[in-house]
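# coords please:
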Amino acid sequence: MSLAAVENFLQNARAQISQRDINESYLRALTEMTREIKRLEDEIRRVQRDVRVGRRFG
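Model (predicted):
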């Protein structure tokens, strides 16, 4: 393998590692956003239920 081919291989490997790190960061952010959305949906359901119960008994 020539020196140029080795340098090319290393450059591609570095690029793949960088892309993997970016993908992992995106995945962590999406996971956290999904968790927050689910928490907010649960809170909305609780409030809606409280409003319905308040209308029935209020």
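# helix or strand for the spatially most central residue of the chain, which one?
In the chain, the centroid-proximal residue (C-alpha atoms, centre = their mean) is Leu30; its distance is 1.2 Å. Using DSSP states H and E, Leu30 sits in helix 3-57.
# for that helix, what is the distance to the chain centroid?
1 Å (C-alpha atoms, centre = their mean, to the nearest Å).
# look up phi and psi at Ser2.
phi -70, psi 160 (degrees, to the nearest 10).
# that one: how many residues sit nearby?
When neighbours are counted by other C-beta atoms under 10 Å, Ser2 registers 7. The C-beta positions use only the backbone N, C-alpha and C, and glycine is treated the same way.
# against Phe57, how distant is it?
Note on Ser2: its distance to Phe57, by C-beta to C-beta, to the nearest Å, is 82 Å.
# please apply the same query to Asp50.
In terms of C-beta to C-beta, Asp50 sits 11 Å off from Phe57.
# quick one: low-confidence ranges for this protein?
Filtered on pLDDT under 70, the chain yields the residue ranges 58.
# same thing but 90
Along the chain, the model assigns pLDDT under 90 to residues 1, 54-58.
# put the alpha carbons of stretch 34-51 into PDB.
Provided in PDB are the C-alpha atoms of stretch 34-51 (Å, rounded to 0.1, in the frame of the first residue of the first chain):
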ATOM      1  CA  THR A  34     -38.500  12.700  22.800                       C
ATOM      2  CA  ARG A  35     -38.400  12.200  26.600                       C
ATOM      3  CA  GLU A  36     -39.400  15.800  27.200                       C
ATOM      4  CA  ILE A  37     -42.200  15.700  24.600                       C
ATOM      5  CA  LYS A  38     -43.600  12.600  26.300                       C
ATOM      6  CA  ARG A  39     -43.400  14.300  29.700                       C
ATOM      7  CA  LEU A  40     -45.200  17.300  28.300                       C
ATOM      8  CA  GLU A  41     -47.900  15.100  26.700                       C
ATOM      9  CA  ASP A  42     -48.400  13.400  30.100                       C
ATOM     10  CA  GLU A  43     -48.700  16.800  31.800                       C
ATOM     11  CA  ILE A  44     -51.300  18.000  29.100                       C
ATOM     12  CA  ARG A  45     -53.300  14.800  29.700                       C
ATOM     13  CA  ARG A  46     -53.400  15.400  33.400                       C
ATOM     14  CA  VAL A  47     -54.500  19.000  33.000                       C
ATOM     15  CA  GLN A  48     -57.200  18.000  30.500                       C
ATOM     16  CA  ARG A  49     -58.400  15.300  32.900                       C
ATOM     17  CA  ASP A  50     -58.500  17.800  35.800                       C
ATOM     18  CA  VAL A  51     -60.500  20.200  33.600                       C
END
